[in-house]
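From the sequence below, what's the structure:
(chains A and B)
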Amino acid sequence: MSNQAEKETAIPTNTDFSFRKYAWKQFKHNKPAYVSFYILVSLAVLAILAPYIANERPLYIKYKGQSFYPAFTFETNYRFTDPATGDSINLQLDIADWKRMEFESVWWPLIPWSPGKSDPANRRFVGPGDPQRFIDAKGDTLYIPSRFKHRLGTNESGDDVLAGLIHGTRISLSIGFISMGIASIIGLFLGAISGYFGDNRLRAKRGCYYMILLSLPFAWFYAFSVRVYHLTDSLEVSGMAFLGQLLLSILIFALVVMLFSRIGKLISRGKWLGKEVFVPLDTFISRGIEILNSIPVLILIISLAAMTKEYSIIYVMVIIGLTSWTGIARFTRAEFLRIRQMDYIQAAEAMGFTERRIIFRHALVNGMAPSLVSVAFGIAAAILIESGLSFIGVGLPNDIVTWGKLLNQGRENFHAWWLIVFPGIAIFITVTVYNLIGEGLRDALDPKLKR
Amino acid sequence: MLKYIVRRVLIFIPTLFAISLFAFVISINAPGDPVENLYEGAKNGNGAAAISESMIRGKEQLRRELGLDLPVFYFTFTSLSEPDTIYKIRDKGEREALSRMLDRFGNWPQIEQWYVCLNQLRQATGVSVTTDSIFRATYTQDSVLAVSDQCSQKIASLFRTDSPEEIVSKLDFLKRETERISKFGQNNFLAPIMDPLKKCFAAFADVQANSSVWKTYVPSLHFYGYNQYHRWLFGDGNWITGAGSTHCEGIIRGDFGISYSTRKKVTETIARALPWSMLFTIVSILFAYLISIPLGVQAAAKRGSLFDRSSSIILFMLYSLPTFFMGTLLILTFANPDVFSVLPANGVKPATGYPLDATLWGKFKITWPYMILPLICYTYSSLAFLSRTMRVAMLEITSQDYIRTAKAKGLSYYLVIYKHGLRNALLPIITVFANIFPLAVGGSVILEFLFGIPGMGPEILTAVQTKDYPMIVAVFTLSGFMTLVGYLVADILYAFADPRISYSSK
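Alright, predicted model coming up:
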């Protein structure tokens, strides 16, 4: 879609100059931002590969003549026959004590520990420099082999901090991406239509306009009132189930509104109902933004956290997404106010394209750039909110290890400095990287600084 | 200008209304029944204990005091199957179970009959045991109590059940028990529930047989007069007449009701906590302005110099540094017996409190060491943002013609920068100033939690943990209100800082 739009809007010149290429060049010139971009990519790789980098299961074992790949499987046990003795052997993957078993050949992951799986030999905050213990297959306690050392220490229950940090990358990055994904969809859409139409460009036949206004309570009724128990029950099942139900409700909402607008078109006849009126779209959306900005987001998330019985990471993402689109909407709106006056929009209008096509295929691709800056800063803010919530102990379920939770454990025990410093640095680096990228994007996309 | 302010204030009203409605919706939909939480007797009671007469009356009383016996809002837009009087069923759990049954079957007359039968069943339970020898051989007094207790528990749980299978299995259990006990003739202590139980069976069969699910898909509108939202907003009128035992004045007069966990007035709690939050917010913003304005201006004036570059980098790092990390590091360093133990780590005053004869100055002398670490954290986060904004604004200004003119006129450096330049760079600073207002109310939850400051932050956290919704709603409404006030103040300050901004024409 974007390629086509580019073809439609790009000025045919001899040089292959496009704004996107120009912006990328500018971005590359900004060394900190460029480096940050690569740090972010490697963080993402780290997050994706986390189960293969930090896992208590070996990547590969040769056990009694058989080869297995325990880290790559979701199975809980292997059953096989020992070729030497003919005995049937059951290898229980989820509770196996890998480090004390003897294999013919074994490849360990880089960090042979899983988050949330404690090492009983190193309980009660063992630091990276402290002597760490290891109980071998015979039950003797000895110094830990360097292979199994807890590089960044352990917490109270003996969980490896480095493994927790690596797996925490997943939470932090996905919080940022998903919440800002939701926010950008809402923000871009509302910003685009409010900037494009303003208060006095969207005309509708009075019958149609009033029918759509009338449809809202009915849409609410069919989408949410009727389905209220489906929604609340799914909340208790899982976050994903709730998301599914919510999407279904939104779909019903849209269907009802569409149905009413069809009816509205049918009845828009005659002098009064058929008269065209302006829809003050911009006023509606600006007022909505003002209300949303007045709601303290952190307190909202905390109180919603208390309302739900089982708290899931999805809620944090959805709530941050639903409350933080206002910045993106404002940027997009301002950009669309400018784009609206451009010649190519008038040209597209003159060619008789529909408004939907002009907004989403001509204007949006050009108007999206400034909101990218807002998205980058928004991701940084979302990560900060999530880690802050984990830090004060509100939120995520106990079995998920996050950076903020590790930091919170360190706050309670000051001598365990490794629980404070390393997660803190991880949060700091991620937030800095996003902020630097945001700065770089702003400089690259700001037409004022164009050379 | 005055006209503009009046108009802005008028626009506030619907916004405030929307925020209050939002907060109210949250508090209404909160899980758990506040009356159950509040009523101490309910804490150790199980299903069987909940039926004692005095407790029901006590709960009823409390419900009236909190205004929870009223309809929720001015109108409801629900399905045709739902009667407009369902709010009269007091118990939140029972109401939800009935509403779920309505969602499933959609026939209120039958469900109402079922509810009536269920109530009769509940009233019929009670133990009156006369014993004879055959009976005693089978049952001791204890096991009689156990059986009847089990039955009353089943009956109590029937009120909160909506799935047909569960209801049938519970009814079947009761039936089996009554049949088992009935062979003891005159000793049949379950005899009183036999009749109502039969009625219940019939009523439930009726509910299942005559379902009218279509009704749940037809919307209907009901209007109510005096309701919970109205009472919450405007008070119950008792504060004027002096009648009644409670006086709810409504949030419009600054009364946020009583706390669900402590039964004290929410306004009292806020009055106790708010000064601390405001103290830290205002002092830190003051510091942040005092440092950031000269810093930003100097950095912009000497653009590209070593000072500019190094301050930019440091401020950028500070900007990305999470306050809770910085705060923990500070405590770890300066309030740690292992490193430096020079400052207190927690609280705002010694555990023993102030001396009784302490003056305000004396209190300050005791408190200031406690304020150093929190204030550093409070200040640096806004400082970093402010200086960066200030620098950018100043950079834009210094490239303008009028600054060059001022320099060319031979004006002194300070006059050019601070008189001609600064005033025009103030706009972003004012925007930040608007944010203090909501912050002063909400406090910084994370920092107050970390440093043990008895401000709004810990109050909010405990309110959330104890599901003390009046408190949460109060914080919501207040901070929403303060945000709007902040916008207004910022708009007025804009006009003072930059006379070109004119509001009269808009």
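
could you point out which element follows the host helix or strand of A:I48?
In this structure, A:I48 sits in helix A:31-53 according to DSSP states H and E. Using DSSP H and E, the helix or strand that follows helix A:31-53 in sequence is strand A:60-63.

circling back: so which bits of the helix holding A:I48 are buried?
Neighbour counts using 16 or more other C-beta atoms under 10 Å in any protein chain shown place A:P32, A:A33, A:S36, A:F37, A:L40, A:L43, A:L46, A:A47, A:A50, A:I53 of helix A:31-53 among the buried residues. C-beta coordinates here come from the backbone N, C-alpha and C atoms, glycine included.

Let me know whether that helix sits next to chain B.
No. Using C-beta under 8 Å from any C-beta of the partner chain, helix A:31-53 never reaches chain B; the gap is at least 8.9 Å.

The stretch 301-450 of chain B: helices as residue ranges?
Applying DSSP state H, counting those that start in this stretch to the stretch 301-450 of chain B gives helices spanning B:306-320, B:323-334, B:360-398, B:401-408, B:413-414, B:422-424, B:426-434, B:436-442, B:445-451.

I'd like to check the angle between the longest one and helix B:426-434, please.
Angle between the axes of helix B:360-398 and helix B:426-434 is 150 degrees (criterion: axes from the mean of the first three to the mean of the last three C-alpha atoms, to 10 degrees).

does helix B:360-398 come close to chain A?
No. Helix B:360-398 stays out of contact with chain A when judged by C-beta under 8 Å from any C-beta, the minimum separation being 9.2 Å.

ok, B:I5 touching B:A495?
No. Using C-beta atoms under 8 Å, B:I5 is not in contact with B:A495, being 9.9 Å away.

Of the two, which one has the most company?
B:A495 (17 against 14; other C-beta atoms under 10 Å in any protein chain shown).

you'd agree that one is up against B:M1?
Yes. The criterion here is C-beta under 8 Å, and B:A495 meets it with B:M1 at 6.5 Å.

contacting residues around residue 80?
Went with chain A since none was named. Contact partners of A:F80, counting by C-beta atoms under 8 Å, 6 or more residues apart in numbering or on different chains, are A:K64, A:Q66, A:S88, A:I89, A:L91.

wait, chain B
Neighbours of B:L80 in contact, by C-beta under 8 Å, 6+ apart: B:K215, B:T216, B:V218, B:P219, B:S220.

Quickly name whichever of these is closest to B:P337.
Nearest to B:P337 among these is B:T216, at 65.3 Å by C-beta to C-beta.

Now do the SS call for the closest one.
Under DSSP: H, G, I helix; E, B strand; the rest coil, B:T216 falls in the helix class.

Could I get the phi/psi values of B:G347?
phi 80, psi -180 (degrees, to the nearest 10).

Near the closest residue in space to it that isn't next to it in sequence, how many residues? Count them for me, please.
Closest residue in space to B:G347, ignoring its immediate chain neighbours: B:G452 at 4.7 Å, by C-beta to C-beta, 6 or more residues apart in numbering or on different chains. Residues contacting B:G452 under the criterion other C-beta under 10 Å number 16.

residue contacts, B:G452?
B:N346, B:G347, B:V348, B:P458.

restrict the contacts of B:L80 to those near chain A?
Within these, those near chain A by C-beta under 8 Å from any C-beta are B:T216, B:P219.

and which of the contacts of B:L80 is nearest to B:D149?
Closest approach to B:D149 among the contacts of B:L80 (C-beta to C-beta): B:T216, at 36.7 Å.

could you check the distance from that closest one over to B:K92?
Using C-beta to C-beta, to the nearest Å, B:T216 is found at 21 Å from B:K92.

same thing with A:F278?
46 Å.

quick one, which of the two is more surrounded?
The neighbour count for A:F278 versus B:K92, taken as other C-beta under 10 Å, is higher for B:K92 (17 against 14).

for the more buried one, phi and psi?
Taking degrees, to the nearest 10, you get phi -60, psi -40 for the backbone angles of B:K92.

What is the nearest of the contacts of B:L80 to chain A?
Taking C-beta to the nearest C-beta as the measure, chain A lies nearest B:P219 of the contacts of B:L80, at 4.6 Å.

so who does that closest one touch?
A:P217, A:F218, A:F221, A:S225, B:F77, B:T78, B:S79, B:L80.

so the first one touches B:F77, yeah?
Pointing back at A:P217 there. Yes. Using C-beta under 8 Å, A:P217 is in contact with B:F77, at 5.8 Å.

In three-state terms, label A:T85 for me.
Reduced to three states by three-state DSSP, A:T85 is coil.

State the distance from it to A:K64.
9 Å.

just checking, which of the contacts of B:P219 belong to strands?
Among the contacts of B:P219, DSSP state E puts B:F77, B:T78, B:S79 in strands.

Counting neighbours, what do you get for the closest residue to the last one other than its chain neighbours?
Leaving aside its sequence neighbours, B:S79 sits nearest to B:T216 (C-beta to C-beta, 6+ apart; 4.5 Å). For B:T216, the tally of surrounding residues (other C-beta under 10 Å) stands at 21.
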